[in-house]
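S.K.: Provide a 3D model corresponding to the input given below.
(one chain, ligands or ions: 1)
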Amino acid sequence: MRTEKIQVKITGEVIIPDDLIGFFREVDDLIKHNDEVTIIESDDLIQTKFAYGGLLEEGADRFGFIYFPEENTRPQWSIELTASEIAKIVEGEKRTLTLWKCQNPNCRSFFSSESETCFDCDYIDDELEEKQRVLNMLSQSPTRESWVGGYLKHFPDAHPLGIIGDYNSQVQLGKKWGYFSLNEMQSLVEKLRDQNAT
Ligand SMILES: [Zn+2]
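M.R.: Predicted coordinates:
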C-alpha cells in the first residue's frame, strides 16, 4: 500500500526552457484573444505535446500548468502563473520560475508549492518498507544458507532470481559470502523448501 507522506521541499529559481517559452507564447496569444480555453476553469483545456494547463479559478487570472521536460518519462513541473507573468515571460522580461523541488537529488520534478505531492518521493510503500526491514534483520544471519532460509520464511513463493536480486542488493553480503549462481540458488531453494515441507 502506498501512503502519502510529504517530505520537506526546497525552493529555487529555475531557468525557463525554450520549448516552455514557446508554449507560453501560445497561451499568451490565447489569453489576449479571450479564447474560451482561457476563460473557462479547467485543468487541461490548454494543451500541447509536452504541457497542458488551464485557468485555475473562473474570474481570476491565475493559470496552472503541468510541463514534461523529458519525453515519455515521469519528471514533471507544476507551474502557476498569472496572465501578466505569462506576458512577461513571452516578452523576455521574466526568464526564471520560482519553484519547489524534492531533496532527493535523483528527483527531477518541480512544484509550484511546497505542499504538493511528488509521485516518486512523497509516498511510503509499505511492501518495500517491510522487505527492507526483513533484509536488515537477515543481514545478521550466520551463513548465507541461513540468510536464504530466513528469506524463504518471509517470502515463501519468491523466485530464485528475485532472491539473488535481493541478496545482491545487500552489497556487504556478496563481499562476505560470495555471490550465488542461479544453479546454486535453485538447488538451495529446493533443498530448503523440502526441509520446510517436512
Ligand atoms: Zn520528488
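S.K.: burial count for Ile163?
M.R.: 20 (other Cβ atoms under 10 Å). Where you see a C-beta, it was placed from the backbone N, CA and C, and this is true even at glycine.
S.K.: next, the contact list for it, please.
M.R.: Ile163 sits next to Val148, Tyr151, Leu152, Phe155, Phe180, Met185, Val189 when contact means Cβ atoms under 8 Å, 6 or more residues apart in numbering.
S.K.: tell me the pLDDT of the fifth one.
M.R.: It refers to Phe180. What the model reports for Phe180 is a pLDDT of 92.
S.K.: just confirm it contacts Gly165, I think it does.
M.R.: No: the pair formed by Phe180 and Gly165 falls short of the contact definition of Cβ atoms under 8 Å, at 10.4 Å.
S.K.: what does the chain have sitting close to the ion?
M.R.: Where the chain comes near the ion, counting by Cβ under 5 Å from the ion, the residues are Cys102, Cys107, Cys118, Asp120, Cys121.
S.K.: more neighbours: which of Phe180 and Gly165?
M.R.: Using other Cβ under 10 Å, the more surrounded residue of Phe180 and Gly165 is Phe180, with 20 against 11.
S.K.: for the more buried one, helix, strand, or coil?
M.R.: coil (DSSP: H, G, I helix; E, B strand; the rest coil).
S.K.: quick one: the residue nearest in space to the middle of the chain from Glu145, how far?
M.R.: Central residue of the chain (Cα atoms, centre = their mean): Asp120, 2.2 Å from the mean position. Per Cβ to Cβ, to the nearest Å, Asp120 is found 36 Å from Glu145.
S.K.: tell me the pLDDT of the residue nearest to the residue nearest to the centre of the chain when sequence neighbours are not counted.
M.R.: Using Cβ to Cβ, 6 or more residues apart in numbering and skipping the chain neighbours, the partner closest in space to Asp120 is Cys107 (5.7 Å). We have a pLDDT of 90 for Cys107.
S.K.: and Asp120, by the same measure?
M.R.: So Asp120 comes in at 83 (pLDDT).
S.K.: torsion angles phi and psi at Asp61?
M.R.: Main-chain dihedrals, Asp61, degrees, to the nearest 10: phi -120, psi 30.
S.K.: bridging residues for the nearest residue to Ile79 once chain neighbours are set aside?
M.R.: Distance criterion Cβ to Cβ, 6+ apart; nearest residue to Ile79, sequence neighbours excluded, is Phe65 at 4.5 Å. Phe65 has the following beta-bridge partners by DSSP bridges: Gly53, Ile79.
S.K.: distance of Phe65 relative to Phe110?
M.R.: 11 Å.
S.K.: what do the two both touch?
M.R.: Contacts common to Phe65 and Phe110, judged by Cβ under 8 Å, 6+ apart, are Trp77, Ser78, Ile79.
S.K.: in this structure the second one contacts Ser115, no?
M.R.: No: distance between Ser78 and Ser115: 11.2 Å, which falls outside the contact criterion (Cβ under 8 Å).
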